[in-house]
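[1] what shape does this take:
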Amino acid sequence: MFESARVDTLWELVEYRARASQGVPMFFDAYGRTATFDEVRDRARHVAAGFLALGIGAGTRVAWQLPTRIDTVIASLALARLGAVQIPVIPLHREREVGFILAESAAEWVLVPGVWRGFDHTAMVRRLAGDGVRVLPVDEGLPVGDPGGLPEPVPAGDGDTTWIYYTSGTTSAPKGVEHTDATLIAGGIGLATALGMSPDDIGSIAFPYAHIAGPDYVVAMLVSGFPAVVLDSFEPGRAAEIYRRHGVTMAGGSTAFYQAFLDESRHYRQRLPHAGRLIPSLRLLSGGGAPMPPELYREAGRELACAIVHGYGMTECPMIAMGTPYDSDEQLARTVGKPVVGARVRIARPDGSEAGVGESGEVTLKGSMLFRRYTDPALTAEAFDAEGYFHTGDLGTVRPDGHLVLTGRLKDIIIRKGENISAQEIEDLLHTHPAVAQAAVIGLPDRERGERVCAVITPADPAAPPPTLDGLTAHLRAAGLMVQKLPEQLEITAELPRGGPLNKVLKAALRARYRE
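    Residues are numbered from 1 along each chain as shown. As a prediction, the model looks like this:
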């Protein structure tokens, strides 16, 4: 496990692990490639020298829109070695998001994968890049040079920004979120401490490495010394086959991944009744990024025969709370765990005062993993209160056992006849109905009520008659839901619209679809 010696930069952590785990694999990929911890360090040094020869150095603003690959991590570590300011861009982003990010961040360089999954990223970025922005396609390999000419590593400054992440911006312009190496390291240590991974484990990165969870996860690997399988795209059947081959013990990424593995396992057992578990080595599914219905926890855990440890984080704070393998089933199903080491969570009442144990309010926080500021000073001023607490916009309670329960978003509250209704509460209960596969609850404009409650579901069996509104409301009544919160409208769809790096449900798209 990570020694107590303090490290302030990502490169110091890379050097530490390369010495401590020389010759030990750090990465595997789907194509048979392997890289050890010291090989990753050495390759990153050569790539850093290649970047330096191009004019990239300390403080240079470098955006990169690259798939999840071993070389992507190496490129990122090389930029960290030089002290560049990194601007990761999710590969699925297109003209609107990429154009905004490049202009708002004042990027000087952009690394692109050329043509990836049929899309020409080089052509797009060259159309969008302003004068003086240099575009570097890396589809034929990263630049390399002689590391003997590298300057000394840049020491940790006084909170110098070294990373600028952008929120997904599904309903508005993305927000630029400034982090330091130290804030990302603190988040990764929080994750590693909660999960208790060891060098005997094998993890997985099947989500975009350009997401804030990317370095969060890699820091956990460097702290705990475990390797991971990296996948440049996530297809449940392909991922499961690769995970079986490598003996992956921890997988996940978000609630959508749990559901995908649950569905894949059921199909797998139908095809091969005597084949056993989908991933025999799997002991842990972990992730965050979206609410986890308790029913999904029970079904996926039972089907995959592993623990499910869900957590809570965001671009502004990569690790806030996390369950642990030692929590009870009730705690894991109903909460997002306790605040991780270094995080201070406070529930705020509407007047700003601190709520008591079990009392609902807005989740606010401080901690060593909290971002420095937004690139827009006005957004920063709005987000922090006078005591320096960051207001997340999430609603929740802290239970007597110290575990955090998220009950919804301030913007995801339905106001029906003046009463606040949590969409998440209704969604969790809908997921317990046997005819419901997935559910989203939205508020729609209503002349009489202000807003009406609309449930949008995908059926568990598309060939069977879909559930009716009367049937679902009877189920919700039996589960104890207040009459005032019952859905007044039901919509059936083949699939819920999803987007972003963690495949979240796009409720704005649902509201637009069913508004009339």
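[2] look up how far Phe234 lies from the most far-flung residue of the chain relative to its centre.
    For the chain, the largest distance from the centre (C-alpha atoms, centre = their mean) belongs to Glu448, which lies 38.8 Å off. From Glu448 over to Phe234 the distance is 44 Å, taken as C-beta to C-beta, to the nearest Å. (C-beta placed from N, C-alpha, C; glycine too.)
[3] one more: Leu13?
    27 Å.
[4] flag the helix or strand of this structure with the lowest per-element mean pLDDT.
    strand 419-422 (a mean of 77; mean pLDDT, DSSP states H and E).
[5] got the domain boundaries for this protein?
    For the chain, the structural domains run 10-182, 234-409, 417-514, going by automatic domain parsing.
[6] between these, which one is closest to Ile189.
    domain 234-409 (6.8 Å; C-beta to C-beta).
[7] now the end-to-end length of that closest one.
    28 Å (C-alpha to C-alpha, to the nearest Å).
[8] tell me the mean pLDDT for that domain?
    If you average the pLDDT over domain 234-409, you get 94.
[9] returning to that earlier point: who's more crowded, Leu13 and Phe234?
    Leu13 (24 against 17; other C-beta atoms under 10 Å).
[10] so the more buried one is in contact with Ile185, correct?
    Yes - counting by C-beta atoms under 8 Å, Ile185 is a contact partner of Leu13 at 6.4 Å.
[11] give me the buried positions along the least confident helix or strand of the chain.
    Neighbour-count burial for strand 419-422 flags 421-422 (criterion: 16 or more other C-beta atoms under 10 Å).
[12] list the helices and strands that strand packs on?
    Strand 419-422 is packed against strand 413-416, with contacts defined by 3 or more C-beta pairs under 8 Å, 6 or more residues apart in numbering; DSSP states H and E.
[13] and Gly187, what element?
    helix 181-195 (DSSP states H and E).
[14] so how far is that helix off the chain centroid?
    14 Å (C-alpha atoms, centre = their mean, to the nearest Å).
[15] quick one: list the elements packing against it.
    helix 10-20, helix 213-224, strand 307-314, strand 317-322.
[16] show me what whichever helix or strand comes after the last one is packed against.
    Tracing the chain C-terminally past strand 317-322 and defining elements by DSSP H and E, one meets helix 329-334 next. In terms of contacts (3+ C-beta pairs under 8 Å, 6+ apart), helix 329-334 is packed against helix 294-304, strand 307-314.
[17] switch the cut-off to 6 Å
    Where contact means 3 or more C-beta pairs under 6 Å, 6 or more residues apart in numbering; DSSP states H and E, helix 329-334 is packed against helix 294-304.
[18] and the helix it packs on, what's buried?
    For helix 294-304, by 16+ other C-beta under 10 Å, it's 294-301, 303-304.
[19] now do the helices in the stretch 101-250 of the chain.
    121-128, 181-195, 213-224, 236-246 (DSSP state H, counting those that start in this stretch).
[20] Thr68: which of those helices is closest?
    helix 213-224 (7.6 Å).
[21] what's the angle from the closest one to helix 181-195?
    70 degrees (axes from the mean of the first three to the mean of the last three C-alpha atoms, to 10 degrees).
[22] ok and helix 213-224 relative to helix 10-20, angle-wise?
    Going by the same axes, to 10 degrees, helix 213-224 makes 40 degrees with helix 10-20.
[23] need the mean per-residue confidence for helix 213-224.
    Mean predicted lDDT for helix 213-224 stands at 96.
[24] same list (the domains of the chain) but as TSV, adding distance to Tyr217.
    Shown next, in TSV, are those (distance: least, C-beta to C-beta, whole Å):
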stretch	distance to Tyr217
domain 10-182	10
domain 234-409	9
domain 417-514	13
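[25] Ser224: which of these is closest?
    It is, among the domains of the chain and with distance given as C-beta to C-beta, domain 10-182, at 9.3 Å.
[26] picking that back up, for Ser198, find the nearest of the domains of the chain.
    domain 234-409 (9.4 Å).
[27] report how many residues lie close to the residue lying closest to Gly402 once chain neighbours are set aside.
    Nearest in space to Gly402, with sequence neighbours left out and distances taken as C-beta to C-beta, 6 or more residues apart in numbering, is Lys338 at 4.9 Å. With neighbours defined by other C-beta under 10 Å, the count for Lys338 comes to 21.
[28] same deal with Asp71?
    20.
[29] what sits against it?
    Shown in contact with Asp71 (C-beta atoms under 6 Å, 6 or more residues apart in numbering): Leu142.
[30] SS state for it?
    helix (DSSP: H, G, I helix; E, B strand; the rest coil).
[31] which regions of the stretch 1-150 of the chain sit below the pLDDT cut-off?
    1-5 (pLDDT under 70).
[32] hey, where'd the strands end up in it?
    For the stretch 1-150 of the chain, the strands defined by DSSP state E, counting those that start in this stretch occupy 25-29, 34-36, 61-64, 85-88, 109-112, 115-116, 119-120, 134-137.
[33] of these, which is nearest Ala321?
    Closest among those, using C-beta to C-beta: strand 85-88, at 23.6 Å.
[34] the stretch 401-516 of the chain: strands as residue ranges?
    Under DSSP E, counting those that start in this stretch, the stretch 401-516 of the chain gives strands at 404-409, 413-416, 419-422, 436-446, 450-459, 489-492, 498-499, 504-505.
[35] partner strands of the third one, with direction?
    Translated: strand 419-422. strand 413-416 (antiparallel) (DSSP bridges).
[36] can I get the partner strand in CSV, CA atoms only?
    Written as CSV, here are the backbone C-alpha positions of strand 413-416 (Å, rounded to 0.1, in the frame of the first residue of the first chain):
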residue,chain,number,x,y,z
ILE,A,413,-37.4,18.4,-8.0
ILE,A,414,-40.9,18.4,-9.3
ILE,A,415,-43.1,21.1,-7.8
ARG,A,416,-46.7,19.9,-7.9
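[37] which residues are contacting it?
    Contacts of strand 413-416 (C-beta under 6 Å, 6+ apart): 420-421, 443, 449-451, 453.
[38] try it again at 7 Å.
    420-423, 443, 449-453, 484 (C-beta atoms under 7 Å, 6 or more residues apart in numbering).
[39] kindly report the same for stretch 436-452.
    For stretch 436-452, with C-beta under 7 Å, 6+ apart as the criterion, the contacting residues are 414-417, 423, 426-427, 430-431, 453-460, 467, 487-489, 496, 505, 507, 510-511, 514-515.
[40] export the helices of the stretch 101-250 of the chain as CSV, with columns for mean neighbour count.
    Below are the helices of the stretch 101-250 of the chain laid out as CSV (neighbours: other C-beta atoms under 10 Å):
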stretch, mean neighbour count
helix 121-128, 18
helix 181-195, 25
helix 213-224, 25
helix 236-246, 18
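[41] what about the ones you listed, which gets the closest to Arg409?
    helix 213-224 (19.4 Å).
[42] rewinding a little: identify, from the contacts of strand 413-416, the entry nearest to Arg409.
    Nearest to Arg409 among the contacts of strand 413-416 is Ala423, at 8.2 Å by C-beta to C-beta.
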